[in-house]
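Novice: Sequence unavailable; structure follows:
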């Protein structure tokens, strides 16, 4: 059976899996990225993990290539450049180095772009030529498909929409120091920051008065909203409002048929989606109204990133 | 000789020309759009004008088609929809109606997208696969090329960047009522509004204290800046600052190799370009720094829009 190795390099976890032509991840393993801060050590761990996954199969697969999704990856250069959430600094020629250890066809791409390719081949993007995937995790990522093709940019850095400034130079700073940057508002981290903001703005009681920022987890905000916590509900509303404005702006760019949302923040369900739908339709220009869908990912949350990475190779078959 | 009819429908003027395969406009005429508010009358005027241009040639051309650039045009529907600067309201099926009068292959597109096609075939975009044309006239338009293709959007309305909100819901209203919309700041009209704003902000003397808004013309602002008028220089600086932020944001979208600027505001030369270059490089994310050029159009200002419209047909040959 033909299989592709899919690798998702995240700030917290590295996820590796074997993916068949239907986009099914038939075997997978995760390890903590930060336990391997030395690049060579990290690449050896990847090689060993891939060998392990192959050995565990009860048949001998034909591995046709390896696709990698990573933050700040340049598909054109085969590098990871200045990734703020990874230990390796500067420009890392990861493709070149990994190919020495695992000689096979190999591609790398920005993680959100890989997710968009995954949706295009295996998910909700299968019947669309124009859509944008939004990943809402620690940060805010975007993968743009237009004219049935992924938009990659001049040297592979298209879709870095988490760092656009929405505020004409005034507002929160992102992790990269961009003032007013979108992901300072719209991401799991942005939601936590907004919980602080709402506590500073309103004097009402809330369960969050007893929880320090570093102890605060996204799931808890959803639970609090379910219980009627005013601060939690306000924070979701504010996050949805800014996200809606951003998506309305993005619509004016490539006019997608749909936005496909994935990542931790989407697990908050109606608390984010209902205000998002409302504000999005309010913000859309007349010419776009009623034409742009907001949908959730068509892929399993746990393996979506692996399958997206594998799509880099399956796309070329 | 094979020729294409290029038509640029503007709020003020309609420009018609005959364009050869090299993108040269060998014959042209202009008339005032608003003198023909009845659509049928307007289309008859176009037909008559095209016949006139052909008759004036000293040879018999082979007309292979007609390309049209217009505000709020949908290439996929062949329509102009809700154009705020044109007399015809609602959805105008202009392609269908003009074809009856002038049976030939015909395409229509948003004027800024047509300008981008023109640059791709005949101008400064000839050797680039990823660039964005910005038109700075009465409004703010954008034509986006990525992967060597024009980005048209799900039903032909991509690139409406003049109406994106840069201010999280606070700021000037555009002609379409979008609060904080980019073209309320960055356009010939936006610059005039900023002349008012700077007079309200500062108490210094200025030639503009004696000129009412409706009597104010863009060229005069350039002349004033040349003469050291504080208000004029401040207004250019402010316009450039917001434009720079917008272009830095757009870079994060498709990562173009260059922005190609055209339209009235670019005639102000260094007064807009020098602060623009400065603020643009300040605003760019690290990963894009030094990689994105700002350039002026490679086409003659007077016929660029006609040649862009004609490129719709030449592109398909």
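Specialist: Right, received. Where do you want to start? Just so you know, these numbers come straight off a predicted model, no measurement behind them.
Novice: I'd assumed residue A:121 was in contact with residue A:299.
Specialist: No. In this structure residue A:299 lies outside contact range of residue A:121 using CB atoms under 8 Å: 10.1 Å. In this view, the C-beta of every residue, glycine as well, is placed from N, C-alpha and C.
Novice: Assumed residue A:3 was part of a strand.
Specialist: Yes. Counting by DSSP: H, G, I helix; E, B strand; the rest coil, residue A:3 falls inside a strand.
Novice: separation between it and residue A:303?
Specialist: 14 Å (CB to CB, to the nearest Å).
Novice: ditto for residue A:5
Specialist: Counting by CB to CB - residue A:5 and residue A:303 are separated by 13 Å.
Novice: Give me the common contacts of the two.
Specialist: residue A:17 (CB atoms under 8 Å, 6 or more residues apart in numbering or on different chains).
Novice: which of these two has more neighbours?
Specialist: residue A:5 (27 against 21; other CB atoms under 10 Å in any protein chain shown).
Novice: which residues does the more buried one contact?
Specialist: With CB under 8 Å, 6+ apart, residue A:5 has these contacts: A:16-19, A:50, A:53, A:63, A:65-67, A:102, A:104, A:310.
Novice: how near is it to chain B?
Specialist: 26 Å (CB to the nearest CB, to the nearest Å).
Novice: which residues sit against stretch A:282-295?
Specialist: So stretch A:282-295 is contacted by A:124, A:244-245, A:247-248, A:251-252, A:255-261, A:273, A:276-277, A:280-281, B:72, B:81-82, B:154-155, B:157, B:160, B:163, B:165, B:176, B:178 (CB under 8 Å, 6+ apart).
Novice: what does the average pLDDT come to for it?
Specialist: Average pLDDT, stretch A:282-295: 91.
Novice: Buried residues of that stretch, list them for me.
Specialist: A:283-285, A:287-288, A:291-292, A:294-295 (16 or more other CB atoms under 10 Å in any protein chain shown).
Novice: cool, stretch A:80-93 as well?
Specialist: Neighbour counts over stretch A:80-93 (16+ other CB under 10 Å) mark A:80-83, A:85-86, A:92 as buried.
Novice: Where is pLDDT lowest across the residues you listed?
Specialist: Comparing pLDDT over these, the lowest score belongs to residue A:85 (76).
Novice: quick check, that one in a helix?
Specialist: No. Going by three-state DSSP, the assignment for residue A:85 is coil, not a helix.
Novice: Next, the closest residue to it other than its chain neighbours: secondary structure please.
Specialist: Distance criterion CB to CB, 6 or more residues apart in numbering or on different chains; nearest residue to residue A:85, sequence neighbours excluded, is residue A:11 at 3.1 Å. Following three-state DSSP, residue A:11 is assigned to coil.
Novice: Verify the stated contact: residue A:11 with residue A:87.
Specialist: No. The criterion here is CB under 8 Å, and residue A:11 misses it with residue A:87 at 9.3 Å.
Novice: Give me the common contacts of those two.
Specialist: residue A:33.
Novice: List the buried residues for the helix of greatest length in chain A?
Specialist: Longest helix in chain A, counting residues (DSSP state H): helix A:230-254. The neighbour-count check on helix A:230-254 (16+ other CB under 10 Å) flags A:231-254 as buried.
Novice: about what we covered before: go through the contacts of stretch A:282-295 and flag which are in helices.
Specialist: If you go by DSSP H, the contacts of stretch A:282-295 have A:244-245, A:247-248, A:251-252, A:273, A:276-277, A:280-281 in helices.
Novice: what's the closest of these to residue A:149?
Specialist: residue A:251 (18.6 Å; CB to CB).
Novice: who wins for most neighbours among the contacts of residue A:5?
Specialist: For these, the largest number of neighbours (other CB under 10 Å) sits with residue A:310, at 35 neighbours.
Novice: Please list all residues in contact with that residue.
Specialist: A:4-6, A:17, A:19, A:23, A:25, A:67, A:118.
Novice: Save those as TSV, and put in secondary structure too.
Specialist: As requested, those are arranged in TSV below (three-state DSSP):
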residue	secondary structure
A:4	strand
A:5	strand
A:6	strand
A:17	strand
A:19	strand
A:23	coil
A:25	strand
A:67	strand
A:118	helix
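Novice: need the strands for chain A, in chain order.
Specialist: Ranges of strands in chain A, per DSSP state E, are A:2-9, A:13-19, A:25-32, A:62-70, A:73-74, A:79-81, A:91-92, A:106-110, A:131-136, A:140-146, A:149-150, A:258-262, A:293-296.
Novice: Quick check: closest non-adjacent residue to the residue of the stretch 201-317 of chain A found nearest chain B.
Specialist: For the stretch 201-317 of chain A and chain B, the shortest gap (CB to the nearest CB) falls at residue A:255, measuring 2.6 Å. In space, and not counting its chain neighbours, residue A:255 is closest to residue B:153: 2.6 Å by CB to CB, 6+ apart.
Novice: in chain A, which residue is closest to the centre?
Specialist: Against the mean C-alpha coordinate of chain A, by CA atoms, centre = their mean, the closest residue is residue A:135 at 3.3 Å.
Novice: For it, list each beta-bridge partner.
Specialist: With DSSP bridges as the criterion, the beta-bridge partners of residue A:135 are residue A:141, residue A:262.
Novice: Residue A:26 is in contact with residue A:19, isn't it?
Specialist: Yes. Using CB under 8 Å, residue A:26 makes contact with residue A:19 at a distance of 7.3 Å.
Novice: For the closest residue to chain B within the stretch 51-200 of chain A, give me its contacts.
Specialist: Here the residue of the stretch 51-200 of chain A nearest chain B is residue A:153; by CB to the nearest CB that distance is 2.6 Å. Listed by CB under 8 Å, 6+ apart, the contact partners of residue A:153 are A:159, B:130, B:146, B:254-256.
Novice: quick check, nearest of those residues to residue B:224?
Specialist: Closest approach to residue B:224 among the contacts of residue A:153 (CB to CB): residue B:256, at 32.6 Å.
Novice: I'd like to know how far that closest one sits from chain A.
Specialist: For residue B:256, the distance to chain A (CB to the nearest CB) stands at 6 Å.
Novice: Can you redo the buried residues of stretch A:282-295 as a markdown table, where the extra columns are distance to residue B:206?
Specialist: Shown next, in a markdown table, are these (distance: CB to CB, whole Å):
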| residue | distance to residue B:206 |
| --- | --- |
| A:283 | 37 |
| A:284 | 39 |
| A:285 | 35 |
| A:287 | 38 |
| A:288 | 40 |
| A:291 | 46 |
| A:292 | 45 |
| A:294 | 48 |
| A:295 | 53 |
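Novice: Among those, which ones are in helices?
Specialist: Filtering the buried residues of stretch A:282-295 for helices - DSSP H - leaves residue A:283.
Novice: Touching, residue A:17 and residue A:4? I think so.
Specialist: No. Contact criterion CB under 8 Å: residue A:17 and residue A:4 do not qualify, at 9.2 Å.
Novice: give me the subset of the ones in helices among the contacts of stretch A:282-295 touching chain B.
Specialist: A:245, A:248, A:252 (CB under 8 Å from any CB of the partner chain).
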